[in-house]
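> predicted model, plus sequence, below.
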There are 2 protein chains.
Amino acid sequence: MASKPPVSLKDIAEAAGVSTITVSRALRGLPLVTPDTRKQITDIAHRLGYVPNQVASSLRSRKTGLIAVVMPTVAGSIFSDTVNSISNELGKAGYQIIIGESSYDIEQEQTVLEALVQRRPDGVIIAGVNHTRTSRELLSAMNVPVVEIWDMTEDPVDSLVGFSNRHAAYEFTLTLIDKGYGRFAIASGPMERLNRAQQRAEGHGEALKFKGLRSFGSIVIPHFMGMLSSGETLLKFVRDNPELDCLFCTNELIAIGATVQCRRAGIKIPDDMAIVGFGDVEAASIIDPPLTTICIHGAAMGQEAARIIRDRLAGNTEERKILDVGYDIAWRGTA
Amino acid sequence: MASKPPVSLKDIAEAAGVSTITVSRALRGLPLVTPDTRKQITDIAHRLGYVPNQVASSLRSRKTGLIAVVMPTVAGSIFSDTVNSISNELGKAGYQIIIGESSYDIEQEQTVLEALVQRRPDGVIIAGVNHTRTSRELLSAMNVPVVEIWDMTEDPVDSLVGFSNRHAAYEFTLTLIDKGYGRFAIASGPMERLNRAQQRAEGHGEALKFKGLRSFGSIVIPHFMGMLSSGETLLKFVRDNPELDCLFCTNELIAIGATVQCRRAGIKIPDDMAIVGFGDVEAASIIDPPLTTICIHGAAMGQEAARIIRDRLAGNTEERKILDVGYDIAWRGTA
DNA sequence: AACAAGAATGACATCGATGTCATTCACGGT
DNA sequence: ACCGTGAATGACATCGATGTCATTCTTGTT
């Protein structure tokens, strides 16, 4: 293993017979150096195999080129659209993202945030609007643009790009009732303290109440272990509750699991029972029948959030935005 | 927007009436400070809302706590298992990962690598063993542990955790032939210059040749636009080639798309024609019939790679490893 | 020829932590 | 009372780049 000391600006400066600052300017493309000088310097830099040290640059210039992204999880594909579009949009502007996983827990979120903040990111994109007091303080004390996404509130930390989970679930339920469904049970994934699932459940409940209906049960998958295994649990639940005509899932993956397992068990979807999801991941449209679900604009939220960060950092605006990207209902085969 | 200058070690040192270095040691938990002093310092740090500046720390200590991870894509779920297990395994040891996307192109990979290297990561995990000359040079010049994954070679840059794509495709094809299939066509995703798909195709071809069979055609999806849309293209191909008895896909997602679209079009899988995939993503087991495929140990590779990095950085070993994690064949419903 | 104005370059301090070596201090043994 | 020893603390230089202000060098103008 070769252990030569890495090449620095100083080495290039010496080789070129100029000062380090001139090298710095030449390599950064600043318009203050003669084309000749620049050419000579870039040649030498290339020959020596120079690799700029972004750490040093970050320290001095107070710009790291990093954007912190905090999501409940990146495993499933639910948030991965969002993360991808953030990454693509910010990548264009030369930013790199660092991801933290809150695991659907605001304490964990705080821990993750505390670690990320030490790297002095130039901006933060964070899922949800419900954070610990300390997290909120941290976020504002950082003095960088912050965009909360995937939820809605009157009182964001800074900017916000999201939609109302409660409202979406409420409207969706009303429409299902109009279609003739009336004996609902609700199924949720791990009950998060970040409480988006909670809000969806509440919206659903309010719609039932508004229509004078009662709920026919509820089930929670405490530990998500994959779609098929959740589906098994839900199949058992459905068999124990044969009076149901619609299983309202607050989580897309368990809706898919339920649909697959019910079909395999011979339950006819949607004739024997309807199943609806919330989220619209790609897998929802490949199963049989394809899942009827709330389509959330994950990629759009990511892109908008990234743009806000980008514009703020480019100094184009000081404005704080609140953007509601809404949702769509994808009527497919399960309801 | 409050714009107080951030709190540094110096501020704490002044407040506590000690030197900065003592503060540094106290906060890092080094065993050189009196419990009293430490207590006092941590209290003050907490009161002032001190957030350590990892950038400065990285510059001085030459340790960034970052591990660069370079993958062809992070969008699909194919590599996301790997990335997750890397992130989890390294997270335990206090490392943070920064991801780069090569988009299945070694030139792009080099570009991404050049950007990542500037952040002086403490280690690199990179998919594939085929890189540009410059990329290889960069990797070795960095002087940090490098683990290549998802492929196999005699001559890795440093360590390697993977499996032989060619060999897997070869064996899989032989087994399919033994099962009675004999009129194969091969379907691939975007033909990568990173050439894992290429190797799979070659392994498949060699098996045919070994058995004295010819190929009945091949099709490439030039731009992957989702499973269902790829599936449409493949459905058309299948209809144009009714003599086929097995569609050998070098890419999991297009295999899923093909299966779904063929079934929806009334083609009986596997009776009319078999379809096999390569990769085993979760979606493969929820479709009907579930996909017969090569099961690649993505999570295991990630974990092993992360461990190698971790051990090397902990100074436990200097050893370079080559690890073949192999593969399994998951016989499900499509062949 | 003198000078203004701008282009090109440089000197120096600085970002915030930490590695290294030096110093102070307390305490126990003889 | 003296000294050695180790524990606790501090002074100083340093990581590698860049912001700021100063200086030199052109070039054109009157």
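That came through fine.
> around DNA strand D, pick out the residues from chain A.
A:5-6, A:8-10, A:20-21, A:24, A:27-28, A:52-53, A:56-57, A:59-61 (CB under 7 Å from any atom of the strand). C-betas here are computed from N, CA, C, even on glycine.
> A:A187 in helix, strand or coil?
Three-state assignment for A:A187 (DSSP: H, G, I helix; E, B strand; the rest coil): strand.
> ok, now which ones touch it?
Contacts for A:A187 (CB atoms under 8 Å, 6 or more residues apart in numbering or on different chains) come out as A:218-221, A:234, A:237, A:247-251, A:254-255, A:258.
> again, only this time at 7 Å
Contact partners of A:A187, counting by CB atoms under 7 Å, 6 or more residues apart in numbering or on different chains, are A:I219, A:L234, A:L247, A:C249, A:I254, A:A258.
> identify the residue spatially nearest to A:Y50, adjacent ones excluded.
Closest residue to A:Y50 apart from its sequence neighbours, by CB to CB, 6 or more residues apart in numbering or on different chains: A:V7 at 4.6 Å.
> ok, which stretches of the stretch 151-300 of chain A are strands?
A:159-162, A:184-188, A:218-220, A:246-249, A:274-279, A:292-296 (DSSP state E, counting those that start in this stretch).
> from the contacts of A:A187, which is closest to DNA strand D?
A:I254 (48.8 Å; CB to the nearest atom of the strand).
> confidence score at the closest one?
pLDDT recorded at A:I254 is 95.
> and what of A:T37?
We have a pLDDT of 88 for A:T37.
> any stretches of chain A with poor pLDDT?
Applying pLDDT under 70 to chain A flags residues A:1-5, A:192-194.
> which positions in it make contact with chain B?
Residues of chain A lying close to chain B by CB under 7 Å from any CB of the partner chain are A:1, A:3, A:49, A:51-56, A:58-59, A:64, A:74-75, A:77, A:80, A:84, A:96, A:98, A:117-120, A:141, A:143, A:226-228, A:256, A:260, A:282-283, A:285-288.
> only whichever of these are buried, select them in ChimeraX.
Those of the residues of chain A next to chain B that count as buried under 16 or more other CB atoms under 10 Å in any protein chain shown are selected in ChimeraX with:
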select /A:51,52,53,54,55,56,58,59,64,74,75,77,80,84,96,98,117,118,119,120,227,228,256,260,282,283,285,286,287,288
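> mind checking which of the residues of chain A next to chain B are in helices?
Members of the residues of chain A next to chain B lying in helices (criterion: DSSP state H): A:54-56, A:58-59, A:80, A:84, A:117, A:141, A:227-228, A:256, A:260.
> pick the one among those closest to A:G212.
Comparing those against A:G212 with CB to CB places A:I256 closest, at 30.9 Å.
> how much space between the closest one and B:V161?
31 Å (CB to CB, to the nearest Å).
> ditto for A:E14
From A:E14 to B:V161 the distance is 41 Å (CB to CB).
> how about A:T22?
Note on A:T22: its distance to B:V161, by CB to CB, is 45 Å.
> ok, those two, which is more surrounded?
Neighbours per residue (other CB atoms under 10 Å in any protein chain shown) separate A:T22 from B:V161, with B:V161 holding more: 28 against 21.
> identify the residues contacting the more buried one.
Counting by CB under 7 Å, 6+ apart, B:V161 makes contact with B:V147, B:I149, B:M301, B:E304, B:A305, B:I308, B:L323, B:V325.
> and those, which are buried?
Judged by 16+ other CB under 10 Å, buried ones among the contacts of B:V161: B:V147, B:I149, B:M301, B:E304, B:A305, B:I308, B:L323, B:V325.
> apart from its neighbours in sequence, what residue is nearest A:T82?
Using CB to CB, 6+ apart and skipping residues adjacent in sequence, the residue nearest A:T82 is A:G302, 3.9 Å away.
> whoops, I mixed them up, A:V51
B:V117 (5.4 Å).
> circling back to that earlier point, mind putting the strands of the stretch 151-300 of chain A into TSV with distance to B:D272?
TSV is the format used below for these (distance: least, CB to CB, whole Å):
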stretch	distance to B:D272
strand A:159-162	46
strand A:184-188	36
strand A:218-220	39
strand A:246-249	34
strand A:274-279	29
strand A:292-296	29
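> select, out of these, the one closest to B:G180.
Closest of the strands of the stretch 151-300 of chain A to B:G180 is strand A:274-279, at 37.9 Å (criterion: CB to CB).
> neighbours of A:L247, how many?
29.
> cool, A:D43 as well?
Look at A:D43: counted by other CB under 10 Å, it has 13 neighbours.
> that one and DNA strand D, how far apart?
Counting by CB to the nearest atom of the strand, to the nearest Å, the separation of A:D43 from DNA strand D is 17 Å.
> same question, A:M273
Applying CB to the nearest atom of the strand, the value for A:M273 to DNA strand D is 62 Å.
> so that residue makes contact with A:D245?
Yes. Counting by CB atoms under 7 Å, A:M273 touches A:D245, with 5.9 Å between them.
> the more surrounded of these two?
Neighbours of A:M273 and A:D245, each counted by other CB under 10 Å, are more numerous for A:M273; the result is 23 against 18.
> run through the residues that contact that one.
A:V238, A:L244, A:D245, A:C246, A:L247, A:I267.
> could you rerun that using 8 Å?
Residues counted as contacts of A:M273 (CB under 8 Å, 6+ apart) are A:V238, A:L244, A:D245, A:C246, A:L247, A:C262, A:I267.
> how many neighbours does the second one have?
It refers to A:L244. Counted with other CB under 10 Å, residues neighbouring A:L244 total 20.
> can you pull the contacts of it?
Listed by CB under 8 Å, 6+ apart, the contact set of A:L244 reads A:R183, A:F184, A:A185, A:F216, A:G217, A:V238, A:M273.
> tell me the buried residues within those residues.
Buried members of these, counted by 16+ other CB under 10 Å: A:F184, A:A185, A:F216, A:G217, A:V238, A:M273.
> make a markdown table from those residues and add distance to A:K39 to it.
A markdown table is the format used below for the buried ones among the contacts of A:L244 (distance: CB to CB, whole Å):
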| residue | distance to A:K39 |
| --- | --- |
| A:F184 | 72 |
| A:A185 | 72 |
| A:F216 | 76 |
| A:G217 | 75 |
| A:V238 | 72 |
| A:M273 | 73 |
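> rebuild those as JSON lines, extending it with distance to DNA strand C.
Below are the buried ones among the contacts of A:L244 laid out as JSON lines (distance: CB to the nearest atom of the strand, whole Å):
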{"residue": "A:F184", "distance to DNA strand C": "54"}
{"residue": "A:A185", "distance to DNA strand C": "53"}
{"residue": "A:F216", "distance to DNA strand C": "57"}
{"residue": "A:G217", "distance to DNA strand C": "54"}
{"residue": "A:V238", "distance to DNA strand C": "55"}
{"residue": "A:M273", "distance to DNA strand C": "58"}
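> B:S102: which of these is nearest?
Closest to B:S102, out of all of those and judged by CB to CB, is A:V238, at 44.2 Å.
> quick one: the helices in chain A, in order.
Taking DSSP H as the criterion, chain A carries its helices at A:9-16, A:20-28, A:35-48, A:54-61, A:80-92, A:106-117, A:133-141, A:165-178, A:196-210, A:227-240, A:252-264, A:298-313.
> could you name the helices and strands sitting against the fifth one?
Applying 3 or more CB pairs under 8 Å, 6 or more residues apart in numbering or on different chains; DSSP states H and E, we find helix A:80-92 packed against strand A:66-71, strand A:96-101, helix A:298-313.
> give me that answer again for 10 Å
With contacts taken as 3 or more CB pairs under 10 Å, 6 or more residues apart in numbering or on different chains; DSSP states H and E, helix A:80-92 sits against strand A:66-71, strand A:96-101, strand A:123-127, strand A:146-149, helix A:298-313, strand B:96-101.
> quick one: the second one to helix B:80-92, angle?
Relative orientation of strand A:96-101 and helix B:80-92, computed by axes from the mean of the first three to the mean of the last three CA atoms, to 10 degrees: 80 degrees.
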